[in-house]
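K.L.:
need a 3D model of the sequence below.
(one chain, ligands or ions: 2)
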Amino acid sequence: MITSDRMAVVDRNAAALGVPQKQLMESSGHAVAREVRSLVDPGANVTVVAGRGNNGGDAFVAVRFLDDYDVSVRLLGRPESISTDIARENWDALGSAEYDAESVGDSRDFDLGDPDLVVDAMLGTGVTGALREPEATAARAINDADCPVLAVDVPSGFDADTGEAAGVAVDADHVVTFHDAKPGLGDLDARVTVADIGIPEAAETFVGPGDLLRLRRDSTSHKGDHGEVLVVGGGPYTGAPALAAQAALRGGADLARVACPQSVARELQGYSENLIVRPFAGDHLAPDAVEHLLELAREHDTVVLGPGLGAADDSLDAVRAFLTDYEGRAVVDADALSVVPEVETDADLLCTPHQGELRKMGGPEASDWRERADLVREFARELGHVLLVKGAYDVISDGDRVRVGRTGNPGMTVGGTGDVLAGVTGALAATQPSLDAAAIGAYVNGRAGDLVAEESGYGMVATDLLDRVPEAMWGER
Ligand SMILES: NC(=O)C1=CN([C@@H]2O[C@H](COP(=O)(O)OP(=O)(O)OC[C@H]3O[C@@H](n4cnc5c(N)ncnc54)[C@H](O)[C@@H]3O)[C@@H](O)[C@H]2O)[C@H](O)CC1
Ligand SMILES: [K+]
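P.N.:
Ligands and ions are numbered 1, 2, ... in the order given. As a prediction, this is how the structure comes out:
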């Protein structure tokens, strides 16, 4: 089952893998033609009712595969208003090859004729709200016709994500849907065929530029809409929490605060004027700071727990106490990770171990990423949390789905790149579901590293990544 948002992600990822949408449209059209053949014999009279989006484009392609049928095409609306290049190219191809294809500008001029089969290609997954004219009139005419109806991808008028109609909708007898079933289709009184249109599995598995489509910035955004992140870390190390907090800001958070020991606070301010520090007493985290941390954490959307914390016994006791009572969302990194398997918590955790840290958590080992993907999924299910296991191929799982990030390069083995990843992921987790936050975080962090390497080769330092995070996130759409 796939939602239309996720379909758009996969579609864009396929294009980045070298399988452009026009090629998918060709496969979709071919699948529509095959379905027509299974329903009526050659020579039959087929009317194609097409809209101005890619759903219509699929049907334009299908016409070329049905030369032995008596096909006529009605495009609803003016050809100039066809909304995509690939649909327009396929419409133009019908014209230049002199197929029977005409446009209908006004619903009063719509005439379905007396076909043996109607192909409904008015609207697919791009539809918003109730059908407008002339689509609504055409839908009524299709429903009144005394012949079977084959819907392309989804019956026009249905919201592909719910299967509900906001107004009049096409009552289809058959649906040929692409790549995967759409959520509402199973409830319809129609026979549904899922057609493979040649989208590589890698477009689903590997995080790609399509996943960035999930990131949006509304022009009406307010301060706070994009999240406030609390980094809890520092003690033996100062740089790590500073990097994570700056990465959270570069990753789009509106605010990043660092809760750290007093001894670290003074130094931290020297790293960046953008950092807001909330110190607690002492030179490392200890259980007596936990109450204060919990209060602070509740004022933030997400917590990044662990950067530079160290592994002192009382620091780990404090992490344990914190996680036991915390109920929000947290990215857990570095030494804090070792506590996760033994702690009972209602928190929604996104753990970012490298393979050594995963082993310390009792997690699996595998050198082959495919094998690791299966094992990480099982371990994430056991833990009940999202895992982002860092490596040349980052493996991300919520115990059910698995995503793999393969951006990044050997220059990124330098210290601090993990802190940047934790911060970026913390920011993303404020606006995205955990699995997507982890997948996009891994992709963006690796891509930032690739941008640094493209410009200056290896020898990068973690702060180089910070500057490239916005470009990695927003530059490639
Ligand atoms: N991988 C894929 O997903 C593929 C999908 N294919 C086909 O493409 C459609 C989705 O195409 P899209 O262009 O995004 O949208 P539609 O064709 O569904 O509709 C857009 C079109 O309709 C207008 N519109 C929107 N809402 C309404 C309304 N309520 N009333 C009237 N008109 C409306 C809008 O303005 C646009 O003009 C998918 O379903 C598949 O069939 C690809 O071909 C293959 C890959
Ligand atoms: K349709």
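K.L.:
ok, the nearest residue to His174 once chain neighbours are set aside - how many residues close by?
P.N.:
In this structure, His174 finds its nearest non-sequential neighbour in Leu150, 4.6 Å apart by Cβ to Cβ, 6 or more residues apart in numbering. For every residue, glycine as well, the C-beta is placed using N, CA and C. For Leu150, the neighbour count with other Cβ atoms under 10 Å is 28.
K.L.:
how near is Leu150 to ligand 2?
P.N.:
To ligand 2, Leu150 is 9 Å away according to Cβ to the ion, to the nearest Å.
K.L.:
and that residue, what element?
P.N.:
Assessed by DSSP states H and E, Leu150 sits inside strand 149-152.
K.L.:
kindly export that strand (C-alpha atoms) in PDB.
P.N.:
The C-alpha trace of strand 149-152 is given here as PDB (Å, rounded to 0.1, in the frame of the first residue of the first chain):
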ATOM      1  CA  VAL A 149     -15.600   1.500 -16.900                       C
ATOM      2  CA  LEU A 150     -11.800   1.000 -16.500                       C
ATOM      3  CA  ALA A 151     -10.300   3.600 -14.200                       C
ATOM      4  CA  VAL A 152      -6.600   4.600 -14.600                       C
END
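K.L.:
from the chain's centre, how far out does that strand sit?
P.N.:
29 Å (Cα atoms, centre = their mean, to the nearest Å).
K.L.:
so what does it touch, helix or strand wise?
P.N.:
helix 21-39, helix 54-64, strand 117-121, strand 174-178 (3 or more Cβ pairs under 8 Å, 6 or more residues apart in numbering; DSSP states H and E).
K.L.:
and stretch 36-48, what's its mean pLDDT?
P.N.:
If you average the pLDDT over stretch 36-48, you get 98.
K.L.:
ditto for stretch 383-393
P.N.:
For stretch 383-393, mean pLDDT is 97.
K.L.:
contact partners of it?
P.N.:
By Cβ atoms under 8 Å, 6 or more residues apart in numbering, the surrounding residues in contact with stretch 383-393 are 340-341, 348-355, 358, 361, 363, 369, 372, 376, 379-380, 394-399, 404-406, 408, 418, 421, 425, 434-435, 438, 441-442.
K.L.:
low-scoring stretches of the stretch 351-477 of the chain, by residue?
P.N.:
With pLDDT under 70 as the threshold, the stretch 351-477 of the chain has low-confidence stretches at 477.
K.L.:
change it to 90
P.N.:
366-367, 475-477 (pLDDT under 90).
K.L.:
for it, which segments count as helices?
P.N.:
Remark: helices assigned in the stretch 351-477 of the chain by DSSP state H, counting those that start in this stretch are 355-360, 369-383, 417-428, 434-456, 462-474.
K.L.:
return the most buried member of these.
P.N.:
Comparing the helices of the stretch 351-477 of the chain by mean neighbour count (mean count of other Cβ atoms under 10 Å), helix 417-428 ranks first with a mean of 31.
K.L.:
which strand or helix spans Ala242?
P.N.:
With DSSP H and E as the criterion, Ala242 is inside helix 239-250.
K.L.:
report the buried residues of the next helix or strand after that helix.
P.N.:
For helix 239-250, the succeeding helix or strand toward the C-terminus, using DSSP H and E, is strand 255-261. For strand 255-261, burial by neighbour count (16 or more other Cβ atoms under 10 Å) applies to 255-261.
K.L.:
dump the residue contacts of the residue nearest to His174.
P.N.:
Going by Cβ under 8 Å, 6+ apart, the list of residues near Leu150 reads 32, 35-36, 39, 117-120, 172-176.
K.L.:
redo that, cut-off 10 Å
P.N.:
Leu150 makes contact with 32, 35-36, 38-40, 46, 48, 59, 62, 117-121, 172-176, 190-191, 193 under the criterion Cβ atoms under 10 Å, 6 or more residues apart in numbering.
K.L.:
ok, now Arg401?
P.N.:
204-205, 377, 380, 386, 435, 439.
K.L.:
could you do Val339 as well?
P.N.:
Val339 is in contact with 305-306, 311, 315-324, 332, 345, 361, counting by Cβ under 10 Å, 6+ apart.
K.L.:
what strands flank the strand or helix carrying Leu230, and is each parallel or antiparallel?
P.N.:
Applying DSSP H and E as the criterion places Leu230 in strand 228-232. Here strand 228-232 is paired, per DSSP bridges, with strand 255-261 (parallel), strand 302-305 (parallel).
K.L.:
and the last one, average pLDDT?
P.N.:
By that I understand strand 302-305. 98.
K.L.:
what's the following helix or strand after that strand?
P.N.:
helix 313-325.
K.L.:
just the first one next, same as before
P.N.:
Past strand 255-261, further along toward the C-terminus, the next helix or strand under DSSP H and E is helix 262-269.
K.L.:
for the helix holding Ala242, packing partners?
P.N.:
In terms of contacts (3 or more Cβ pairs under 10 Å, 6 or more residues apart in numbering; DSSP states H and E), helix 239-250 is packed against strand 228-232, strand 255-261, helix 262-269, strand 276-280, strand 302-305, helix 417-428, helix 434-456, helix 462-474.
K.L.:
could these go into TSV alongside distance to Ala160?
P.N.:
Below are these laid out as TSV (distance: least, Cβ to Cβ, whole Å):
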stretch	distance to Ala160
strand 228-232	34
strand 255-261	37
helix 262-269	49
strand 276-280	43
strand 302-305	31
helix 417-428	26
helix 434-456	20
helix 462-474	28
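K.L.:
out of the ones you listed, which gets nearest to ligand 2?
P.N.:
Taking Cβ to the ion, helix 434-456 is the member of the helices and strands packed on helix 239-250 nearest to ligand 2, at 28.0 Å.
K.L.:
tilt between that closest one and helix 369-383?
P.N.:
140 degrees (axes from the mean of the first three to the mean of the last three Cα atoms, to 10 degrees).
K.L.:
just the buried subset of the contacts of Leu150, please.
P.N.:
32, 35-36, 39-40, 46, 48, 59, 62, 117-121, 172-176, 190.
K.L.:
can you narrow those residues to ones near ligand 2?
P.N.:
Asp120 (Cβ under 5 Å from the ion).
K.L.:
Gly411 against Met460, yeah?
P.N.:
Yes: counting by Cβ atoms under 10 Å, Met460 is a contact partner of Gly411 at 4.9 Å.
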